[in-house]
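Enquirer: Okay, predicted coordinates and the sequence, questions at the end:
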2 protein chains.
Amino acid sequence: MNHKAIGVFDSGVGGLTVLDAIRQVLPNEDYIFLGDTARVPYGNRTKQTIIRYATSCVHQLVARDVKAIVIACNTASAYALDALTQMLDIPVFGVIEPAAQRAVQLSTNQCVGIIGTRATIHSQAYVHAIQSIKKEVKVYGMPCPLFVPIVEEGWANSDVAKLVVHKYLEDLLKDVELHEDQMDTLILGCTHYPILKAIISKELAEMNKSVELCDCAQATAISLAKELQKTHLLSDSQLPGDACYLVTDDPVQFSSIGQSFMKVPPENVEHIDIV
Amino acid sequence: MNHKAIGVFDSGVGGLTVLDAIRQVLPNEDYIFLGDTARVPYGNRTKQTIIRYATSCVHQLVARDVKAIVIACNTASAYALDALTQMLDIPVFGVIEPAAQRAVQLSTNQCVGIIGTRATIHSQAYVHAIQSIKKEVKVYGMPCPLFVPIVEEGWANSDVAKLVVHKYLEDLLKDVELHEDQMDTLILGCTHYPILKAIISKELAEMNKSVELCDCAQATAISLAKELQKTHLLSDSQLPGDACYLVTDDPVQFSSIGQSFMKVPPENVEHIDIV
């Protein structure tokens, strides 16, 4: 049993969907969320830059004596998880492995699609994760760089979102069909995408495609709970836990955008400087 | 007469439209372009962060002995131009003042619209610049956060671009009409937007609006040439000048995205580290 907080790190606000999913599964834990909003987005940075940024952020969480770290960011999980795991002596969890596990369970056709930022897709991290679980599963990736600004503009239910979702899904499905495969599972491989889940489902239904969506936030929350239980790191508190938030840019803007990402909007947001 | 290079600074690739416009007006000058691609976009950062980032970048150009600096970025011009001007003993030019001058010349109705990133619009920098030239001009701003990713996705001529351009222009014109004004000039207040110039013109024509577009890249180039001539800082070389490029993230990605921003695509791209 361990009453220390869990550290949750993201490059910006997207990781709040992961924190939200984790709090639903583990409501009695305390959380410290760090959003590196001064340097967001990581999606178009090099591996070296991403490792440098993620390391400096995670050190801030370690200095606050957390018992475990969740990298609630697909790009940082893809590029920096190995480096961080080697560097730290507390457990570090990413979002890719749990989503890959869940997708392999869900797919009966052995064919999984993955949508995410350009960096996440180009990293091939989901391909490697999925095929190291079950090497015969075929994986099709599609970068969707417009999804994040659409979510942050509050346009998740607009005609723009519908058109853009249709365009990306059409391109992805064309690629799958070209190879005569049938994708039955689609990983939402970016922490912003749970906000677009409904419109993606609807668009797939209108295209007459029966595809199960695999949300990396939910998959990560379930996997984290199991791992912390196995290693006796869960708290035995019976009371609802607290969450506090650290950001590297404007706390007010973070609270404002963060509202649409969580059932419980972020409070206690503090600015910190990271060089 | 002065044979030193002109330093051109942007937070990313967008400033290449400004460099391109300047090179057309002053083809015999040498240029050093610095794109802070590791920390792009500045658009959602605080003033303090923007000044800190811009200062560190501009010092790199000064260390390379440039004769003048162009801040080829609306956000950095809005927030950091005054600080940089005070700090340096070479002339520093922004993109806002020239575009404001040009818009005031163009508008017969004394009513100017301005589109840009959220930070540029919220800074009110164009409102202040325009009204300090002619205080009776009314200014209407509209942040368009989806334009940059649309341009960078290569979708400037797509149905997505058309729908998004229509949506933002409609919102802007609604606001203008609500105040019973008639906007006859629209400033493209972001260095990415010249790429969308054609589709914005077309959309305005389809909406039966007679609006002159004022491109900050062109306006800056013309104003810079006049100022350098006035202060005897132009080169008297008769040969075409060179340009080299410094970026804080991946040079290959910069060259690849940069192609669509310039008539002469960026060569000699070098990575530099800025802390």
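Expert: Yep, that arrived.

Enquirer: C-alpha only now, for contacts and for neighbours.
Expert: Will do.

Enquirer: Least confident secondary structure element in chain A?
Expert: helix A:118-123 (a mean of 87; mean pLDDT, DSSP states H and E).

Enquirer: Name the next helix or strand downstream of it, please.
Expert: helix A:125-133 (DSSP states H and E).

Enquirer: Residues contacting that next one, please?
Expert: With Cα atoms under 8 Å, 6 or more residues apart in numbering or on different chains as the contact definition, helix A:125-133 has outside contacts at A:78, A:96-97, A:100-101, A:103-104, A:114, A:137-139.

Enquirer: Let me have those residues in JSON lines, extended by pLDDT and secondary structure.
Expert: Shown next, in JSON lines, are the contacts of helix A:125-133 (pLDDT from 0 to 100; DSSP: H, G, I helix; E, B strand; the rest coil):
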{"residue": "A:78", "pLDDT": "91", "secondary structure": "helix"}
{"residue": "A:96", "pLDDT": "97", "secondary structure": "helix"}
{"residue": "A:97", "pLDDT": "97", "secondary structure": "helix"}
{"residue": "A:100", "pLDDT": "98", "secondary structure": "helix"}
{"residue": "A:101", "pLDDT": "97", "secondary structure": "helix"}
{"residue": "A:103", "pLDDT": "98", "secondary structure": "helix"}
{"residue": "A:104", "pLDDT": "98", "secondary structure": "helix"}
{"residue": "A:114", "pLDDT": "98", "secondary structure": "strand"}
{"residue": "A:137", "pLDDT": "98", "secondary structure": "coil"}
{"residue": "A:138", "pLDDT": "98", "secondary structure": "strand"}
{"residue": "A:139", "pLDDT": "98", "secondary structure": "strand"}
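
Enquirer: dump the residue contacts of the residue nearest to the spatial centre of chain A.
Expert: By Cα atoms, centre = their mean, chain A has its centre lying nearest to residue A:191, at 3.6 Å. When contacts are counted by Cα under 8 Å, 6+ apart, residue A:191 touches A:14-18, A:72-74, A:216-217.

Enquirer: May I see the buried residues of the least confident helix or strand of chain A?
Expert: A:118-121 (16 or more other Cα atoms under 10 Å in any protein chain shown).

Enquirer: Tell me where chain A has strands.
Expert: For chain A, the strands defined by DSSP state E occupy A:6-10, A:31-35, A:68-71, A:92-93, A:111-116, A:138-143, A:185-188, A:212-215, A:243-247, A:269-271.

Enquirer: Residue numbers of the stretch 1-150 of chain A in contact with chain B?
Expert: A:37-40, A:45-46, A:49, A:145-146, A:149-150 (Cα under 8 Å from any Cα of the partner chain).

Enquirer: Not including adjacent chain positions, what is the nearest residue to residue A:184?
Expert: residue A:211 (4.4 Å; Cα to Cα, 6 or more residues apart in numbering or on different chains).

Enquirer: how near is the closest residue to residue A:6 other than its chain neighbours to residue A:5?
Expert: Closest residue to residue A:6 apart from its sequence neighbours, by Cα to Cα, 6+ apart: residue A:31 at 4.9 Å. Counting by Cα to Cα, to the nearest Å, the separation of residue A:31 from residue A:5 is 5 Å.

Enquirer: and what of residue A:11?
Expert: With Cα to Cα as the criterion, residue A:11 and residue A:5 are 19 Å apart.

Enquirer: Between those two, which is the more surrounded one?
Expert: residue A:11 (28 against 24; other Cα atoms under 10 Å in any protein chain shown).

Enquirer: What is the neighbour count of residue A:133?
Expert: 13.

Enquirer: ugh, wrong one, I meant residue A:19
Expert: Residue A:19 has 28 nearby residues by other Cα under 10 Å.

Enquirer: Equivalent analysis for residue A:266, please.
Expert: Residue A:266, neighbours per other Cα under 10 Å, totals 20.

Enquirer: contacting residues around it?
Expert: Residue A:266 touches A:244-245, A:255, A:258-259, counting by Cα under 8 Å, 6+ apart.

Enquirer: that older thread, pLDDT check: weakest of the residues of the stretch 1-150 of chain A next to chain B?
Expert: Lowest pLDDT within these is found at residue A:45 (76).

Enquirer: sorry, back to before: any idea how far the residue nearest to residue A:184 is from residue A:134?
Expert: For residue A:211 relative to residue A:134 (Cα to Cα), the value is 19 Å.

Enquirer: So for the two, which sits in the more crowded spot?
Expert: Neighbour count, other Cα under 10 Å: between residue A:211 and residue A:134, residue A:211 has more, with 18 against 15.

Enquirer: Provide the backbone phi and psi angles at the more buried one.
Expert: For residue A:211, the backbone dihedrals (degrees, to the nearest 10) come out as phi -130, psi 130.

Enquirer: I'd like to know how far it sits from residue B:180.
Expert: 50 Å.

Enquirer: what's the answer for residue A:86, then?
Expert: In terms of Cα to Cα, residue A:86 sits 64 Å off from residue B:180.
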